[in-house]
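> What follows is a predicted protein model with its sequence.
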Amino acid sequence: MEMGNITNVQEFILEGFPAIQHLGKVLFLVHLLAYLASTIGNAVIMTITSADPWLHTPMYFFLRIFSFMECCFINAVIPKLLVIFLLGRQTISFLACFIQAFVFLFLGASGFLLIAVMSLDRYVAICKPLYYPTIMNPKTCFLLVTACCALAFPLITGVVVKVSQLPFCGPHVIPHFFCDLGPLIHLSCSDFRSVEMLAFVLTSFILLTSLIITIIAYSNIVVTIMRLPSAREKQKAFSTCSSHLIVLSLMYGSSVFIYMKPKQRNRLDSNREAALVNTVVTPLLNPVIYTLRNKQVHRALRETMHRIKISR
């Protein structure tokens, strides 16, 4: 394409879900309820794990940070989707689009790395219980969370800046409900193969690094649990890890499907549906899984509700 046809893009149009756009108000209500439930659920986890002294442990510290990331994550995407469903306002400025892409990818990458850290925490707690208080001390926990963000930030910043520097000639319609890198790259009128490969390598590195650490940690956990003499001890150990396994299976499954493909042009439509799992379903299920399957959180919630009743 001739360089004379390249124009300065001021805004993009988010296509959303054109096949069911006529159900806008119904979809708005469904996603609004999911958004509120996710936000409130994760906020409850953050509040409970901060307020209850019995939950001031490394496991709940990481869970609190993870819930905070989830709240920020859904707020980067869902509010704009609600505006599309309710008002039909599909335009988004160039700057806002790339800010959304950066926030979404940075929080997503940090979240996956944090999942790996949470797996290591469970490994030390179950496989090295005598050393757990020494290894997973507050300073180490803080440094691990900082490392997750510090590793994700330059990687995501680099690829988002690289994509933002591509020439865009039109059309400016993004076949997605938010600004993700894959659809943005394919709107460029230049040879984007090198940038697409860079995005593939970086996202694969983050996903595979997190996945490999998690698999190794849980493989050792399973071996240790199977060696426990008591069936009750085995059940207790498995119950502490089962909720974590459910969450990470949802996250890895949808993310691997979306991002671990070097060429995405023919899969953009299916990516849009899979992205709903990451942006709507998983953040909604996380607080449910972590609270309904956790007796300590149950106790903390009951005590908090009891204190609220007494204060009245």
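Arrived safely.

> ok, A217 - contacts?
Remark: with contacts taken as Cβ atoms under 8 Å, 6 or more residues apart in numbering, A217 is in contact with 116, 119-120, 122-123. Backbone N, C-alpha and C define where each C-beta goes, glycine included.

> go on, E11?
Counting by Cβ under 8 Å, 6+ apart, E11 touches 91-94, 97, 172.

> redo that, cut-off 6 Å
E11 is in contact with 91, 93, counting by Cβ atoms under 6 Å, 6 or more residues apart in numbering.

> who's it bridged to?
S93 (DSSP bridges).

> pLDDT wise, what is it at?
On the pLDDT scale, E11 is placed at 86.

> circling back to that earlier point, who wins on neighbours among the contacts of A217?
With neighbours taken as other Cβ atoms under 10 Å, the top of these is S119, carrying 25 neighbours.

> That one is in contact with I215, isn't it?
No - counting by Cβ atoms under 6 Å, S119 does not reach I215; the two are 8.6 Å apart.

> I213 and C127: what is the separation?
14 Å (Cβ to Cβ, to the nearest Å).

> How about F192?
Distance of F192 to C127, computed by Cβ to Cβ: 45 Å.

> Take the contacts of A217 and lay them out in TSV including pLDDT.
Formatted as TSV, those follow (pLDDT from 0 to 100):
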residue	pLDDT
A116	92
S119	90
L120	93
R122	88
Y123	91
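
> Which positions within the helix or strand hosting A43 qualify as buried?
Under the criterion of DSSP states H and E, A43 resides in helix 24-51. Neighbour-count burial for helix 24-51 flags 24, 27-28, 31-32, 34-35, 38-39, 41-42, 44-46, 48-49 (criterion: 16 or more other Cβ atoms under 10 Å).

> and what of stretch 144-160?
Buried-residue list, stretch 144-160, by 16+ other Cβ under 10 Å: 144-145, 148-149, 151-152, 155-156, 159-160.

> ranges for the strands of this structure?
Taking DSSP state E as the criterion, the chain carries its strands at 11-14, 91-93, 173-174.

> can you redo those as a markdown table with distance to A274?
Converted to a markdown table, those look like this (distance: least, Cβ to Cβ, whole Å):
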| stretch | distance to A274 |
| --- | --- |
| strand 11-14 | 17 |
| strand 91-93 | 21 |
| strand 173-174 | 16 |
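
> so where is the stretch 1-150 of the chain shaky, pLDDT-wise?
Within the stretch 1-150 of the chain, the stretches with pLDDT under 70 are 1-8, 19-21.

> and what of the stretch 151-300 of the chain?
For the stretch 151-300 of the chain, the stretches flagged by pLDDT under 70 are 233, 236-237, 239-241, 243-244, 261-270, 290-295, 298.

> Now with 80, please.
Applying pLDDT under 80 to the stretch 151-300 of the chain flags residues 169-171, 191, 228-248, 250-251, 253-254, 256-274, 276-277, 286-300.

> Could I get the full set of helices for it?
Under the criterion DSSP state H, counting those that start in this stretch, the stretch 151-300 of the chain contains helices at 181-185, 193-226, 231-259, 268-276, 282-292, 295-311.

> Can you say which of these is packed in most?
helix 181-185 (a mean of 23; mean count of other Cβ atoms under 10 Å).

> counting contacts, what elements does it pack onto?
Helix 181-185 makes packing contacts with helix 138-164, helix 193-226 when contacts are defined by 3 or more Cβ pairs under 6 Å, 6 or more residues apart in numbering; DSSP states H and E.

> Compare these and report which one is nearest to E303.
Among these, helix 138-164 comes nearest to E303, with 23.4 Å by Cβ to Cβ.

> and the closest one with helix 193-226, angle?
Calculated by axes from the mean of the first three to the mean of the last three Cα atoms, to 10 degrees, helix 138-164 forms an angle of 150 degrees with helix 193-226.

> So which elements touch helix 138-164?
Partner elements for helix 138-164 (3+ Cβ pairs under 6 Å, 6+ apart): helix 58-75, helix 94-127, helix 181-185, helix 193-226.

> of all the ones you listed, which lies closest to K139?
Closest to K139 of the helices and strands packed on helix 138-164 is helix 58-75 (Cβ to Cβ; 11.1 Å).

> what comes up buried for that closest one?
Here helix 58-75 shows 58-67, 69-75 as buried, counting by 16+ other Cβ under 10 Å.

> centroid residue for the protein?
Nearest to the mean C-alpha position of the chain, counting by Cα atoms, centre = their mean, stands G108 at 4.1 Å.

> Leaving out the residues flanking it, which one is nearest to L211?
Distances taken as Cβ to Cβ, 6 or more residues apart in numbering put Y252 closest to L211, at 5.9 Å, once the chain neighbours are dropped.

> Could you do V83 as well?
Closest residue in space to V83, ignoring its immediate chain neighbours: R89 at 5.2 Å, by Cβ to Cβ, 6+ apart.

> Phi first, then psi, for the one you found.
phi -80, psi 100 (degrees, to the nearest 10).
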